[in-house]
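Enquirer: Test case, fold it:
(2 chains)
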Amino acid sequence: MTAPLLHCENLHVRFRTQDGEVLAVNGVDFEVRRGDCVGIVGESGSGKSQTAMALLGLLADNGVSSGSVRFRRKEILNAPAEQLNRIRGSRVAMIFQDPMSALTPFMRIGRQLCEVLQEHTAMSRREITARVMEVLEIVQIPEPKRRFEMYPHQLSGGQRQRVMIAQALLCKPDLLIADEPTTALDLTIQAQILDFFKSLKKRTTIVIITHDLGVVAGLCNRVVVMYAGRIVEQGPIEEIFMGPQHPYTRALLAAVPRPDWDPDKPLPMIGGQPPLATRLPKGCSFAPRCAHAVDRCRQETPELRGRQHLKACHLDLPQ
Amino acid sequence: MSRTLLRVENLKVYFPTRTEGGIRRRYVPLKAVDDVSFTVAEGETVGIVGESGCGKSTLARAILQLIKATRGRIVWQGEDLTRLDRKAMNEKRRDLGVVFQDPLSSLNPRMTIGNIIAEPLRRFRSELSREDINAAVLATMQDVGLNREFLNRYPHEFSGGQCQRVSIARAMILRPKLVICDEPVSALDVSTRTQTINLLKGLQRKHGISIIFISHDLSVVRIVCTRIIVMYLGHFVEIADRDTLFGSPSHPYSQALLSAIPVPDLHSQDDGKRVILEGELPSPIEPPSGCVFRTRCPIATNYCIKREPVLAPRENGARVACHHV
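Expert: Sure, this is the predicted structure:
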């Protein structure tokens, strides 16, 4: 078997804050193979975004990461900036949730896009412009010639997100990490962008980070579910959706109102609140909210176990 | 049929905006809400859905008289709210609760949870003693599932879901007849969202209040509301009962909205029936002529450019603004 494109092992992310140390990511292991589309799912504070930021060395100043991240067999976690800058934006590209704050407001779209290629390639000016126009066509932006001359504020949210995707695709990256790429968008625009992501899968390996299980369902082939800084379950999408093992995954799937749910019945819900990262409970972090928790869950932290379909739970729940 | 509580008639809310271009600059109206009419009956839950910029929040604010209506009437229990002076309107507010989208910014950060929830009582029920107010606050906190120990704590100590419970408690404590919820769960995570939805439904049933529930999330609206209004660019394009709208949406925009819901189900995704709209919402400053939806409509014809469709009843009971369905 070939080595995975991205291999993340025992990743920890800590932040020093006034309220003490926050353990945002607490020992995360996963791998991404070429051609995969992996969905990392979790609620706010689950550590999904910080995992992505740590992979690329983009943590805030008070953040420290440890563990191992290998991209194409090379260790990149806490690598020197020069080494990271060679792969960031060219081999690995990232798309952020809010396209307005990720684009430079006083630079024309064309210049922002050309800059990427000037930085990472030895292409001539003419080749660069041609490639930028080509990518703008790929992301199906209307009137690419006109957009080329525009500033970010002149575009709508959906168009800005397309520009972000274009920027990410310019250097034909091996891996595209998208952090909540459709969350800030309207429903019909989200549908357009998700549809586009489906076609993108043929071009590149994708890691998509989202709180929305519906986004994952139509897109990914593997799913990683995170809770309170840990992976609680991961596996092929069919198994996660058709046979979820972890009580949190089950609750999360049940909590989304389905089109055939009887609206007069109360929705199945997870009681309580997620734990604070400064005060994680002993044992399984989900135990205080788990309907099935036993004493062992409150004492021992379960490890992520399994071959294809992994779960971090002491219990073997019936289907 | 229960009594009509609120009747909105031909409501228009226009904002003056300036066009670009130096000396020729002129004022043009931004038609945020353009000639809409609907009613809310006692105990009814009406959903208003649409994407950002469709005017749904403006409509809510106009009903509450937080924004002045440009034209039209807002008849509340037989009285036109648009004609009331400020003092008379403020008296009406005791029957009109409101819950906003962002739970943290709609709570005063310098007031304790207890004071936030008690404030409507102090304002409208000044005859109550301190003990009575305290008892009512605690009862309401219990109603919305807030621990009584939170009484003297501040909003920043709580998560979004908890803050939204405080907002709901504040809106409910006067036992209003109508509560307007503007995207009350959009800022919440999945698990707290379901808690909040179940809470709102429970309170609605328990106290028999009417709710206007504004949301862009159709899967939530389906759970909460019995009648649903679909808005697009300041216009109502469809009004239908829940089962009618979700069972057989008539307007092409309703159909597109429904099929755009990302369902966490592997089988509902690739049945080829998804309608993906092209293009984006046009500017409400220069809305398309005729039917406002025609620029993105898969079945638009020349006729749609010329004539504006009006909401008209269909066989299934829905009212639809479309020339072709």
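Enquirer: Who's the closest spatial neighbour of residue 77, skipping the chain neighbours?
Expert: If you meant another chain, say so; for now it's chain A. Of all residues not flanking residue A:77 in the chain, residue A:69 sits nearest, at 4.0 Å (CB to CB, 6 or more residues apart in numbering or on different chains). Every residue, glycine included, has its C-beta placed from N, CA and C.
Enquirer: To clarify, I was referring to chain B.
Expert: residue B:5 (6.4 Å).
Enquirer: can you count the residues close to the one you found?
Expert: Neighbour count for residue B:5, taken as other CB atoms under 10 Å in any protein chain shown: 20.
Enquirer: just the one 4 residues further on next, same as before
Expert: By the measure other CB under 10 Å, the count of residues near residue B:9 is 15.
Enquirer: ditto for residue A:306
Expert: Neighbour count for residue A:306, taken as other CB under 10 Å: 13.
Enquirer: Return the set of residues that bridge with the nearest residue to it once chain neighbours are set aside.
Expert: Excluding the flanking residues, the one nearest residue A:306 by CB to CB, 6+ apart is residue A:235, at 7.4 Å. Per DSSP bridges, the residues bridged to residue A:235 are residue A:223.
Enquirer: Now for residue A:235: which residues touch it?
Expert: By CB atoms under 8 Å, 6 or more residues apart in numbering or on different chains, residue A:235 lies in contact with A:222, A:223, A:306, A:308, A:309, A:310.
Enquirer: any idea how far chain B is from it?
Expert: 13 Å (CB to the nearest CB, to the nearest Å).
Enquirer: Could I get the full set of helices for chain A?
Expert: For chain A, the helices defined by DSSP state H cover A:48-55, A:81-87, A:99-102, A:109-120, A:125-138, A:144-148, A:157-169, A:187-200, A:213-217, A:237-242, A:247-255, A:295-299.
Enquirer: Tell me the residues on the stretch 201-325 of chain B that lie near chain A, please.
Expert: B:201-202, B:216-220, B:222-224, B:242, B:246, B:256-257, B:259-266, B:268-270, B:274, B:276-281, B:296 (CB under 8 Å from any CB of the partner chain).
Enquirer: and these, which of them are in helices?
Expert: Counted as lying in helices by DSSP H, out of those, are B:201-202, B:218-220, B:222-224, B:242, B:246, B:256-257, B:259.
Enquirer: any idea which of the residues you listed has the most stuff around it?
Expert: Within those, neighbour counts (other CB under 10 Å) peak at residue B:257, which reaches 27 neighbours.
Enquirer: Let's see the pLDDT reported for it.
Expert: pLDDT for residue B:257: 92.
Enquirer: contacting residues for the residue in chain A that chain B sits nearest to?
Expert: Relative to chain B, the nearest point of chain A is residue A:214 (2.8 Å; CB to the nearest CB). Contacts for residue A:214 were tallied using CB under 8 Å, 6+ apart; they are A:256, B:261, B:262, B:263, B:264.
Enquirer: low-confidence ranges in chain B?
Expert: Applying pLDDT under 70 to chain B picks out residues B:1, B:20-22, B:268-273.
Enquirer: So out of everything in it, what residue is nearest chain A?
Expert: The nearest approach of chain B to chain A comes at residue B:262, 2.8 Å away (CB to the nearest CB).
Enquirer: Please tell me I have it right and that residue contacts residue A:218.
Expert: Yes - here residue B:262 reaches residue A:218: they are 6.7 Å apart, a contact under CB atoms under 8 Å.
Enquirer: Extract the C-alpha set from stretch A:187-200 and format it as PDB.
Expert: Below are the C-alpha coordinates for stretch A:187-200, written out as PDB (Å, rounded to 0.1, in the frame of the first residue of the first chain):
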ATOM      1  CA  LEU A 187     -28.900  28.100   0.600                       C
ATOM      2  CA  THR A 188     -29.200  28.300  -3.100                       C
ATOM      3  CA  ILE A 189     -25.600  29.600  -3.400                       C
ATOM      4  CA  GLN A 190     -24.400  26.800  -1.100                       C
ATOM      5  CA  ALA A 191     -26.000  24.300  -3.400                       C
ATOM      6  CA  GLN A 192     -24.100  25.800  -6.300                       C
ATOM      7  CA  ILE A 193     -20.800  25.700  -4.500                       C
ATOM      8  CA  LEU A 194     -21.300  22.200  -3.200                       C
ATOM      9  CA  ASP A 195     -22.200  21.100  -6.700                       C
ATOM     10  CA  PHE A 196     -19.000  22.600  -7.900                       C
ATOM     11  CA  PHE A 197     -17.000  20.800  -5.100                       C
ATOM     12  CA  LYS A 198     -18.300  17.500  -6.500                       C
ATOM     13  CA  SER A 199     -16.600  18.200  -9.800                       C
ATOM     14  CA  LEU A 200     -13.500  19.400  -8.000                       C
END
